[in-house]
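>>> A predicted structure for the sequence below; I have some questions about it.
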Amino acid sequence: ALCVGWVTESEGVEGRACPFTMKSLFGSNPLLKEYDVGKQVGSAGPSCLWRIHDAIHKGRKQPVSVFLFDKKALQDKTVPKPLREEVLAIMRRGVTQLQKLRHPSVLQVVFPLSESKDLLAFATERVFCSLANLLGNFENLPQVSLALKEYDMHEIEISMGLMQVSEALGFCANDAQLIHGNLTTEEILVTPTGDWKLSGFHFCRHIRYQNDAEALSFPEYDAKTNSTVYTRAIRPSLNNLAPEYVIQKTCEASSDVYSFAHVIYSCFNRNVPLVECHGNFLNYQQAIEQISRMPADSFTNVPKGLQELTKLMLNSHPQVRPAAVDASRVPYFDSLPFLTLRFISTLVEKGEVQKAQFMKGLPKVLPSLPRRLVHSKVLPALFLECSDHRMIPFILPNILAVADGCSMVEFETLVLPKLTPMFAIDEPIQVLQIFMHKMELLLTKTPQNKVQELVLPMVYRAVESPLVDVQNLSLTILPNFMHTIEYTSLKHQIIPRIQALCLKTTVAAVQINALVCLGKLLPCLDKWLVHDSLIPMMEKVTTRQPGVLMAMLGIFSECFKQRQKFGFDVTFLATKTIPFLYPLSVDPCLNATQFARFMKVIKDMTTHIETTYGEELRTADAIRNEASSAVDLTSGAAAEESIAKMEQIAQASAAPKLDLSAAMQKAAEADAADASSFALVSKHNGVKPWLLWKCCGSCSTTAAFVACVGVKFCCLWVLCLLPLLVSLLLPLLCCPCWCYLCCVLPRSLLPSCHCPMPHCFFAGAVRGCC
């Protein structure tokens, strides 16, 4: 539980009740009364003993970071009491000294060190994690977040951070008169905005008040100093210490510069040290000699612009090393991206003229900046300057350029909340014009449930604006993003406003642009909207200028091209469209070319009417002629002609002809097969074949079924069922049926038949029935 992180008293993990809270583990620390402490996000300090937690102030809801050190971890029997007390003294000293310093590049403490029985804690401005964590050192950080694992720093981010650290070291040396004494990646904190903050003054020394007695406090390094976490924590990191600190037992401001060179190398090599001493003094001496012989280009992955500087900072003579503030003045830091970011960081201090000039050139630099820096540093600075409405026309194009590269989620979280107040700004008018130019971007990125509420009101305001420039701009741009607007909003909100503007304006250019806009919106309209709204509106237009007339002609021409969609049938063209266009075509304001275009459209419509309606009439005449010829057949020639047509129609729709010769051959084969079957049955039953033929020959259709008694079954058998049943009950009254049985059944089954003429009588009766 101590390693995973903390939750507040009111919040559980994934909705479950939390079995422990910060107070239950550490008692009543004063800091815990002020802040709700969340999960652990990083580690920092000597041997990364400080755990970093996200926290929020209970009253002000201010996001901060809380640094915690668990004193109970020192209660282990393996930790001697002197070592325990020394570790606690080191941890207290670093925070106490940090609370005294104020600089933009030094970590700001917002709640001083508070100590309880089991806990050391203090709160600072919100940080993301330590630089060591970003470079892959996850010591004292059991659970590493996905964001931390995937964090990949760009060269510009590293160089910007190094410049901020150099400024912090210059402040310490020149203003605070302090030597940091243990500059490592564990002592540099990175904020969510990408800024690097110097912290960890656990081994700092004052430049002016050093004396000989103080030299006795310089630690010794041997094999035991690197054995445990706590023995390493009470000494500065030997890998980064300057030679004069270790060998001569003295230090000065340039000692931090030497350590800074090691930090530069580690930043570009994923926290791999330039030399690894393992806390051993002999290894350190060998490393010093090795570094002195290394050429500048041997510093792997370090940019060429920093290799010479790094080599100079690693010189074993303190007097040769450059000052910390001079490190940020090398040409490497004069590139356009660095200068841009530095200007943005001091944007509040600049004048309006400087800001306006800078904003005009910023869109060219934005593509070269890392996306994370743009979102974390550039956007907040730009939005901060928008508090002055006079600067918004200069700043807004840059904000929208950044928004163009954002995903929908990033736009909704980073950009839209800050843009929303600007949507309602009317002055300066350039703000609305810029938004109209980027309206397609806004409609695409804004969530659909917020478009109607936030974005479209700007379009309505632009169309209804009293300024002619804004009206023309909105009418010109509106067709470009018409496919992103819902049909309901287009029909009930935008089209009526454009029509009202077209009718009430006295500016011909606005009226022409309104008609042209309506013509471009035709693909989004339907038949009913055109017939019920658009065409009646054009009939009310009284302006007779060439541009207005040609714009109306364009609308009718486009509707005629899509006549199936818009219902421009023959009747509508003849009764509505052409009568409306003909008077316009002879207006005196038209020139010859414009008149010719009118005539071409009218002729196309007339030709279509002639072709379509003429074909309909010819078809109707043909149908009437056919109907009259079917009734009146008194004329022989007419009858013969009708019969010939009927034969043609019948032949065209008839099924394929039957091959009679093949059918006759198949029938003969079937008859032969039936005869052989009859012969076998008759021979078996004792009945002569001709008797059976007399029975079944009366019917033109023979069936292919043999009854259980061996008799050929045909359709006549169904007609004989009723007499058969009656004969079984009344044999004396229905002798012909008995005769029938004598014909079809074996005589062994009918020994009592006394019919005198069974065969001939039955044959006649059967034929009569058929």
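Ah, there it is.
>>> now do the same contact list for residue 455.
423, 439, 442-443, 446 (C-beta atoms under 8 Å, 6 or more residues apart in numbering). Glycine gets a C-beta too; all of them are placed from N, C-alpha and C.
>>> which pair of these spans the longest distance?
Spatially, the most separated pair among the contacts of residue 455 is 423 and 443, at 12.6 Å (C-beta to C-beta).
>>> and residue 37, what element?
Element membership of residue 37 [criterion: DSSP states H and E] is strand 35-44.
>>> strands paired with the helix or strand following that strand, and their directions?
Using DSSP H and E, the helix or strand that follows strand 35-44 in sequence is strand 50-57. If you go by DSSP bridges, strand 50-57 pairs up with strand 35-44 (antiparallel), strand 63-70 (antiparallel).
>>> okay, buried residues for strand 50-57 please.
Neighbour counts over strand 50-57 (16 or more other C-beta atoms under 10 Å) mark 50-56 as buried.
>>> any idea how far residue 29 is from residue 323?
Applying C-beta to C-beta, to the nearest Å, the value for residue 29 to residue 323 is 41 Å.
>>> more neighbours, these two?
Relative neighbour count places residue 29 above the other of residue 29 and residue 323, with 21 against 15, counting by other C-beta atoms under 10 Å.
>>> can you count the residues close to residue 368?
The number of residues packed around residue 368, counting by other C-beta under 10 Å, is 11.
>>> what's the answer for residue 40, then?
Residue 40 sits with 23 neighbouring residues when counted by other C-beta under 10 Å.
>>> isn't it up against residue 143?
Yes. In terms of C-beta atoms under 8 Å, residue 40 counts as a neighbour of residue 143; the distance is 7.3 Å.
>>> pretty sure residue 113 is in a helix, no?
No. Assigned with DSSP: H, G, I helix; E, B strand; the rest coil, residue 113 falls outside any helix and is strand.
>>> so where's the stretch 151-300 of the chain shaky on pLDDT?
Residue ranges of the stretch 151-300 of the chain with pLDDT under 70: 209-218, 222-227.
>>> redo that, cut-off 50
Along the stretch 151-300 of the chain, the parts satisfying pLDDT under 50 run over 212-216.
>>> and the stretch 651-770 of the chain, by the same measure?
Within the stretch 651-770 of the chain, the ranges that satisfy pLDDT under 50 run 678, 680-718, 732-770.
>>> could you redo the last one with a cut-off of 70?
651-661, 663-664, 667, 670-671, 673-770.
>>> residue 477 - how many residues pack around it?
18.
>>> just to revisit the earlier point, which of the buried residues of strand 50-57 sit farthest apart?
Between any two of the buried residues of strand 50-57 (C-beta to C-beta), the greatest distance is 19.2 Å, for 50 and 56.
>>> quick check: longest helix of this structure.
With secondary structure taken from DSSP state H, the chain has its longest helix at helix 592-631.
>>> ok, residue 160 touching residue 373?
Yes. If you go by C-beta under 8 Å, residue 160 and residue 373 touch, sitting 7.5 Å apart.
>>> between these two, which has more neighbouring residues?
residue 160 (24 against 20).
>>> ok, for the more buried one, nearest residue in space, not its chain neighbours?
Nearest residue to residue 160 in three dimensions, chain neighbours excluded: residue 341, at 5.7 Å (C-beta to C-beta, 6 or more residues apart in numbering).
>>> other SSEs contacting the helix or strand hosting that neighbour?
Residue 341 belongs to helix 336-345 when elements are defined using DSSP H and E. With contacts taken as 3 or more C-beta pairs under 8 Å, 6 or more residues apart in numbering; DSSP states H and E, helix 336-345 sits against helix 155-174, helix 352-365.
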